[in-house]
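1. Got a sequence here, can you model it:
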Amino acid sequence: MSTFFIAGTDTGVGKTHATCALLHAWRARGLHACGMKPVASGSAETAEGLRNEDALALQAASSAPMPYEWINPVALREPLSPHLAAAREGVEIGLAPLLDAFQRLRDMHDAVLVEGVGGWMVPLSRGLLASDIARQWQLPVILVVGLRLGCLSHALLTARAIATDGCRLVGWIGNRIDPDMAAVEENLATLRQWLPAPCLGVLPHGGSPREVSSLLDIAPLLA
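-> Model (predicted):
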């Protein structure tokens, strides 16, 4: 079975969009795939409880409907760094309930894609970072690079941090979040030269995850 951690170079770079596209790419190969967002801040009150837009998108893109609480064990109201949002709600985020939900999903699917929150080193609680999910669960990492001015340094610094934490970067996805970015092809060439993992694809600005999923090459992840 395949399990991966989807990291981003920053917040707002399209991790959810890329993760949903990856899920559709897995499903197109006839594989049972599920997305997971262990911690999400910025959730709305509903009749069923707190619901996060990104987690709902992952749930919808997965092969079969799974309980929301497994997809997103920790949903926080305010759109803040998780450690701040959790503190305002009197919540202490720990890995144990997240791992329990992950194991349930892992036992039922060919692939589980675990989406991080914010960038690689966002704090979840005192002494716990988002990167600890990938590190302690020993998940290989796929990096989503938001293509905009400054992405080269953000991508290379994140790749270095991933390696320093003892995790393995297995691929990266370019996401064109700025349709007016100058020198896109030159920046992509630089990323291909410097990032120590293959490019799995470049997603255009616009288009649904299902529509753009064919632009991704997940073969290196299945080898």
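2. in this protein, what spans have low per-residue confidence?
-> For the chain, the stretches with pLDDT under 70 are 1.
3. Which residue ranges of it form strands?
-> 2-8, 33-36, 39-41, 43-46, 49-52, 74-76, 111-115, 123-125, 128-129, 141-146, 169-175, 199-203 (DSSP state E).
4. could I get those as a markdown table with distance to residue 102 and mean neighbour count?
-> Where you see a C-beta, it was placed from the backbone N, CA and C, and this is true even at glycine. As requested, the strands of the chain are arranged in a markdown table below (distance: least, C-beta to C-beta, whole Å; neighbours: other C-beta atoms under 10 Å):
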| stretch | distance to residue 102 | mean neighbour count |
| --- | --- | --- |
| strand 2-8 | 8 | 24 |
| strand 33-36 | 6 | 27 |
| strand 39-41 | 12 | 26 |
| strand 43-46 | 19 | 13 |
| strand 49-52 | 17 | 18 |
| strand 74-76 | 12 | 24 |
| strand 111-115 | 7 | 27 |
| strand 123-125 | 15 | 20 |
| strand 128-129 | 15 | 18 |
| strand 141-146 | 15 | 27 |
| strand 169-175 | 18 | 23 |
| strand 199-203 | 22 | 21 |
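5. So which of these is nearest residue 83?
-> Shortest distance between residue 83 and the strands of the chain, using C-beta to C-beta, is found for strand 123-125: 4.1 Å.
6. So what touches stretch 58-65?
-> 16, 19-20, 23-24, 27, 31-37, 66, 68, 71, 109, 113, 115, 209-210 (C-beta atoms under 8 Å, 6 or more residues apart in numbering).
7. And those, which of them are buried?
-> Among the contacts of stretch 58-65, those buried by neighbour count (16 or more other C-beta atoms under 10 Å) are 16, 19-20, 23-24, 27, 31, 33-37, 66, 68, 71, 109, 113, 115, 209.
8. Identify the residue spatially nearest to residue 13, adjacent ones excluded.
-> residue 146 (2.9 Å; C-beta to C-beta, 6 or more residues apart in numbering).
9. and that neighbour, what is it in contact with?
-> With contact taken as C-beta under 8 Å, 6+ apart, residue 146 is in contact with 8, 9, 10, 12, 13, 14, 154, 175, 177, 178.
10. Output the strands of the chain in TSV, with distance to residue 191 appended to each entry.
-> Below are the strands of the chain laid out as TSV (distance: least, C-beta to C-beta, whole Å):
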stretch	distance to residue 191
strand 2-8	14
strand 33-36	25
strand 39-41	27
strand 43-46	33
strand 49-52	29
strand 74-76	32
strand 111-115	21
strand 123-125	27
strand 128-129	24
strand 141-146	6
strand 169-175	7
strand 199-203	7
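11. out of those, nearest to residue 159?
-> Residue 159 lies closest to strand 169-175 among the strands of the chain, at 5.7 Å (C-beta to C-beta).
12. just the angle between the closest one and strand 141-146, please?
-> With axes from the mean of the first three to the mean of the last three C-alpha atoms, to 10 degrees applied, the angle from strand 169-175 to strand 141-146 works out at 20 degrees.
13. Do you have the helices of this structure handy? List them.
-> Here the chain has its helices, by DSSP state H, at 15-28, 53-61, 68-71, 82-88, 95-106, 131-137, 151-164, 184-194, 209-212, 219-222.
14. Alpha carbons of the fifth one, as PDB, please.
-> Extracted C-alpha coordinates of helix 95-106, given in PDB (Å, rounded to 0.1, in the frame of the first residue of the first chain):
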ATOM      1  CA  LEU A  95      -0.500  12.600  17.700                       C
ATOM      2  CA  ALA A  96      -2.300   9.600  19.200                       C
ATOM      3  CA  PRO A  97      -5.900  10.400  18.000                       C
ATOM      4  CA  LEU A  98      -4.500  11.400  14.600                       C
ATOM      5  CA  LEU A  99      -2.600   8.100  14.300                       C
ATOM      6  CA  ASP A 100      -5.700   6.100  15.200                       C
ATOM      7  CA  ALA A 101      -7.700   7.700  12.400                       C
ATOM      8  CA  PHE A 102      -4.800   7.300  10.000                       C
ATOM      9  CA  GLN A 103      -4.500   3.600  10.800                       C
ATOM     10  CA  ARG A 104      -8.200   3.100  10.200                       C
ATOM     11  CA  LEU A 105      -7.900   4.700   6.700                       C
ATOM     12  CA  ARG A 106      -4.700   2.900   5.900                       C
END
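15. All set, thanks.
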